[in-house]
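Peer 1: using only what follows, build the 3D model:
(one chain, ligands or ions: 2)
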Amino acid sequence: MISIRHEYTPCTAEPVLPDDLGFGRIFTDAMFVQDYAPQSGWRDARIVPYAALALDPAAQAFHSGQMVFDGTKAYRRPDGRINLFRVERNAERFNRSAQRMGMPPVPVADHVAAIEALVRAQARWVPARSNAALYVRPVMIGAEATLQVRAAHTYLHYVILSPVGSLYGEAFRPVSVHVSHEHVRAVRGGTGEAKTPGNYAGSLYATEQARTLGHQQVLWLDAVERRYVDEVGAMNIAFVYQGRHIRTPTLSGSILPGITRESLLQLAPDLGFTVEETRLDVDEVFDAIRTGTITEAFGMGTGALISPVGRLAYREQEAVINGFEPGPVARALFDALTAIQYGRRPDPYGWTRTLDAA
Ligand code: PLP
Ligand code: COI
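Peer 2: Ligands and ions are numbered 1, 2, ... in the order given. I've put the predicted structure just below:
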């Protein structure tokens, strides 16, 4: 079991947060850190004041990009306590990402204990506003100073926290999405299933291009045939057919296995919707939007939870979905998921871990 040293003295003043939290702009004043070396394994686990890291300029992360991260959230319950959402699933995915990048695992129980200890120490930063939460960002980087292209021998694992509002401005505001033909995010057998920064770096140029065309996000197609829908931005995507059939791409090997996606696939049948994981041909999707067979589309991810897609631009054409308004299925799923996350309703799925008043 991990033993965590507390080198952080909580200040007594309440944090003063701006009205508009944005996403990932504000950070709390402490972080969790531990180091790895082959002889000792993970050691020196500590909660310290939030501060810049001292890294060798030759650190492996900077040259080979040997890094992974993850993201979950802590939610303020009506009774004042805090819910962590599926934090073990995040810790498991973190380890799958780490394995893919040739990095050592962090024992899941230790990782969860570290996140719990940090969130407890920073409990005052968990906002009590609607649609706000404390985003938890664990990161691991190759820290060894070497220019050789091989797995590092030493690593740094840290967790930072950010009080956040909604990922894309106003919660639940539909986004306009540009289908990318020229660029792909990830390829089967590559690193798309891992949460590693290179996937995001490689997506930035196409996303900026989409922005200049007036869209907020990119719809990524499969890299081989450039025909099947993969993901939207940094979220999984779902389409609603005829107001009740939810279809989402099968985890093909290039798609990040989202925990929001997984949770919504479990939740949706209990709300009376059918769910199907399948291959979705972009031509068929676009036709189904135009004929009205697809009644809604939305992204699924921790940041926005559910982000309705209001418009799809595909080649030279555009199609508006549900009059650029959030649809009833997205709304029902959002309400049911957030009720569990924020502890407004009982959690029959065992997804939340409630921290006692800190
Ligand atoms: N897809 C990508 C590429 C992501 O970065 C994320 C965000 O974590 C997701 C999907 C959604 O995953 P989750 O629901 O676990 O946040
Ligand atoms: C998400 O949580 O949906 C994300 O995509 C995280 C993002 C900030 C990388």
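Peer 1: does residue 88 touch residue 115 like I think?
Peer 2: No. Residue 88 is beyond contact range of residue 115, at 9.9 Å (criterion: Cβ atoms under 8 Å). In this view, the C-beta of every residue, glycine as well, is placed from N, C-alpha and C.
Peer 1: more neighbours: which of these two?
Peer 2: Taking neighbours as other Cβ atoms under 10 Å, residue 88 and residue 115 compare with residue 115 leading, 24 against 16.
Peer 1: is the residue of the chain found nearest ligand 2 bridged to anything, and to what?
Peer 2: In the chain, the residue that lies nearest ligand 2 is residue 301 (2.2 Å; Cβ to the nearest ligand atom). For residue 301, the beta-bridge partners are residue 305 (DSSP bridges).
Peer 1: from residue 257, how far out is it?
Peer 2: To residue 257, residue 301 is 12 Å away according to Cβ to Cβ, to the nearest Å.
Peer 1: please say which of the two ends up with more neighbours.
Peer 2: The residue with more neighbours, out of residue 301 and residue 257, is residue 301; 22 against 13, by other Cβ under 10 Å.
Peer 1: contacting residues around the more buried one?
Peer 2: Shown in contact with residue 301 (Cβ atoms under 8 Å, 6 or more residues apart in numbering): 167, 234-236, 258, 260-261, 307.
Peer 1: can you show me the helices along the stretch 201-350 of the chain?
Peer 2: 259-267, 282-291, 328-341 (DSSP state H, counting those that start in this stretch).
Peer 1: tabulate those in JSON lines, adding columns for mean neighbour count and mean pLDDT.
Peer 2: As requested, the helices of the stretch 201-350 of the chain are exported to JSON lines (neighbours: other Cβ atoms under 10 Å; pLDDT from 0 to 100):
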{"stretch": "helix 259-267", "mean neighbour count": "20", "mean pLDDT": "98"}
{"stretch": "helix 282-291", "mean neighbour count": "17", "mean pLDDT": "96"}
{"stretch": "helix 328-341", "mean neighbour count": "19", "mean pLDDT": "97"}
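Peer 1: got JSON lines for these, with distance to residue 68 too?
Peer 2: Formatted as JSON lines, the helices of the stretch 201-350 of the chain follow (distance: least, Cβ to Cβ, whole Å):
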{"stretch": "helix 259-267", "distance to residue 68": "15"}
{"stretch": "helix 282-291", "distance to residue 68": "29"}
{"stretch": "helix 328-341", "distance to residue 68": "24"}
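Peer 1: which residues of the protein score low on pLDDT?
Peer 2: Where the chain drops to pLDDT under 70, the residues are 167-170, 357-358.
Peer 1: what does it put close to ligand 1?
Peer 2: Listed as neighbours of ligand 1 in the chain under the rule Cβ under 6 Å from any ligand atom: 71, 195, 231, 234-236, 256, 258-261, 300-302.
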